[in-house]
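Trainee: Give me a model of this one.
(2 chains)
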Amino acid sequence: MSDASTTPPSTAPNAPGTSKGSPRLRLAMVAVIIAGAVGFLLVKGLGSSLDYFKTVDQAIATKKAVGTSEFRLEGTVVRGTVTRSSTGTTFDVAGGGKTIPVENSGTPPQLFKGGMPVIVVGHFASPTSTTFLSNQIMVKHSSSYVEQHPNRVRASDGSVN
Amino acid sequence: MKRTLRRLLGPVAVALVALDVILGLFVTPPDIEQGDLVRLVYIHPALAWVALYVAFAMAGICSLLYLWPRTRSMTYDRLAASAVEIGVVFTILTLVTGSIWGRPTWGVWWTWDARLTSTALLAVMFLGYLALRRVPADPHVRARRCAVAALIAAVDVPIVHFSVIWWQTLHQGATVLNSNLTPTIHGLMAWTLLLSFVAFTLLFLWMVLVRYEIETLDEGEEDAELADALEARRQEGAPA
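Mentor: Okay, the predicted model is just below:
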């Protein structure tokens, strides 16, 4: 063979030796990327999803510790308390026998109405105030699905019984 | 027999998915709270069901069977790999359809609650499994590595399932597989939901079968290439 003098002959024992570094490196890279992604999701998960929200009574009980820091507040929108204005929506959320008045800026989602369980993201207006200022409402719909009857009567606040 | 079954499986699965879409979009009634948004219930839970309880359960069982010395066979390795590959597609579709459903109902595309976070984690871990399969290695070494990886990732499956019970979540609890196993959906809505589960499960089985055949053909191809290369080397060495 003519090229035998310039390049070493590719003999069988040589072949796996030369390619050995590359798969190792690729394995390490895959491991690092996956570990990074898993780590990120775990930090996100442990950081926010295990303590995802405070119920209304929990929020009132821990009000001193919470101060005006942001958290997610969960409760049911009290029927008949929803007032919409050009700047936002005010309503009361109830849970565990307690009620917190909420002032929300921005547009509530489509399913928002009295009687719906919601999670509002925001903070107390001041350390002494019980008013909760929020900029986001998430509607926590249930896992039941019920057929809509076209001639069902709607209450004035848009709810149906 | 096996061939005719496989030939029938595809068209039957596609026809059932089509029937599910027709019933879901045009025949079933709107929901009392969600209106027409409820129609996503005929797609999203079925995709999640296939990903978690069919694909990843199959991958976990096949990986265990591979690791168990008595049942060790490359068939299980290939089956697990096929199930994971299609399972990842279904997981990503679950996340996408969930996000599309979440925006109008919850008001957000995404939130870091336990159900969503653990599902995203599941997708990333099984993507890692697929990446691991692409790392060149001896087939048996690769099969063992991947089987271990699949079992580690599969730990997340029950976590996803119980996340809505164990922790506070925005995502609602289960409609059918709830703690007292009393479905909170009825009539045509319930039947269409059931149909979607059957349709997507059959679709998955069909895809896995085809994927498994491709995997088997691929390996045959590799073996043939190796044999050719060895033969070429032998002939190269002969005159020297």
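Trainee: Looking at chain B, which residue is nearest chain A?
Mentor: With CB to the nearest CB as the measure, residue B:107 is the residue of chain B nearest to chain A, at 3.1 Å. Every C-beta, even on glycine, is put in place using the N, C-alpha and C of the backbone.
Trainee: how about the residue nearest to that residue when sequence neighbours are not counted, what does it touch?
Mentor: Spatially, and ignoring its direct neighbours in sequence, residue B:107 is nearest to residue A:109 (3.1 Å; CB to CB, 6 or more residues apart in numbering or on different chains). By CB atoms under 8 Å, 6 or more residues apart in numbering or on different chains, the contact set of residue A:109 is A:137, A:138, A:139, B:104, B:105, B:106, B:107.
Trainee: element containing the first one, please.
Mentor: Secondary structure here is read from DSSP states H and E; on that basis residue A:137 sits in strand A:132-139.
Trainee: what mean pLDDT would you report for that strand?
Mentor: Mean pLDDT, computed over strand A:132-139, is 92.
Trainee: From the chain's centroid, how far away is that strand?
Mentor: Offset of strand A:132-139 from its chain centre (CA atoms, centre = their mean, to the nearest Å): 13 Å.
Trainee: where exactly do the helices run in chain A?
Mentor: Counting by DSSP state H, chain A has helices at residues A:14-19, A:21-44, A:56-61, A:63-66.
Trainee: ok so, going back, now do the SS call for the residue of chain B closest to chain A.
Mentor: The three-state label given to residue B:107 by DSSP: H, G, I helix; E, B strand; the rest coil is coil.
Trainee: And for it, the neighbour number?
Mentor: If you count neighbours by other CB atoms under 10 Å in any protein chain shown, residue B:107 ends up with 22.
Trainee: Check residue A:76 too.
Mentor: Residues near residue A:76, counting by other CB under 10 Å: 17.
Trainee: What ranges in the chain fall below the confidence cut-off?
Mentor: Looking at chain A here, since you left the chain open. A:1-21, A:45-49, A:149-161 (pLDDT under 70).
Trainee: other chain: chain B
Mentor: For chain B, the ranges with pLDDT under 70 are B:1, B:238-240.
Trainee: how much space between the residue nearest the centre of it and residue B:51?
Mentor: Centroid-nearest residue in chain B, with CA atoms, centre = their mean: residue B:87, separated by 2.0 Å. From residue B:87 across to residue B:51, the span is 5 Å (CB to CB, to the nearest Å).
Trainee: check contacts around the residue nearest to the centre of chain B.
Mentor: B:50, B:51, B:54, B:55, B:56, B:58, B:59, B:126.
Trainee: how about 10 Å then?
Mentor: B:50-52, B:54-59, B:80, B:122-123, B:126, B:129-130, B:153, B:204, B:208 (CB atoms under 10 Å, 6 or more residues apart in numbering or on different chains).
Trainee: Could I have the PyMOL command that selects the buried members from those?
Mentor: Those of these that count as buried under 16 or more other CB atoms under 10 Å in any protein chain shown are selected in PyMOL with:
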select buried, chain B and resi 50+51+52+54+55+56+58+59+80+122+123+126+129+130+153+204+208
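Trainee: From the contacts of residue B:87, which land in helices?
Mentor: B:57, B:58, B:59, B:80, B:122, B:123, B:126, B:129, B:130, B:153, B:204, B:208.
Trainee: which of the residues you listed come close to chain A?
Mentor: Restricting the ones in helices among the contacts of residue B:87 to those touching chain A (CB under 10 Å from any CB of the partner chain) yields B:122, B:123, B:129, B:130, B:153.
Trainee: Isn't the second one up against residue B:88?
Mentor: Right, the one you point to is residue B:123. Yes - the criterion here is CB atoms under 10 Å, and residue B:123 meets it with residue B:88 at 6.4 Å.
Trainee: what is in contact with these two at once?
Mentor: Counting by CB under 10 Å, 6+ apart, the contacts common to residue B:123 and residue B:88 are residue B:51.
Trainee: buried set for stretch A:131-148?
Mentor: Neighbour counts over stretch A:131-148 (16+ other CB under 10 Å) mark A:132-134, A:136-141, A:143, A:145-148 as buried.
Trainee: Residues touching stretch B:132-142, excluding its own?
Mentor: A:16, A:19-20, A:22-31, A:34, B:66, B:72, B:74, B:77, B:80-81, B:84-85, B:143-146, B:148-150, B:219, B:222-223.
Trainee: change it to 8 Å
Mentor: By CB under 8 Å, 6+ apart, the surrounding residues in contact with stretch B:132-142 are A:19, A:22-23, A:26-27, A:30, B:74, B:77, B:81, B:145-146, B:149, B:219.
Trainee: got it, and stretch B:59-67?
Mentor: Residues contacting stretch B:59-67 (CB under 8 Å, 6+ apart): B:71-73, B:76-77, B:79-80, B:83-84, B:87, B:126, B:129, B:143-144, B:146-148, B:150-151, B:154, B:157.
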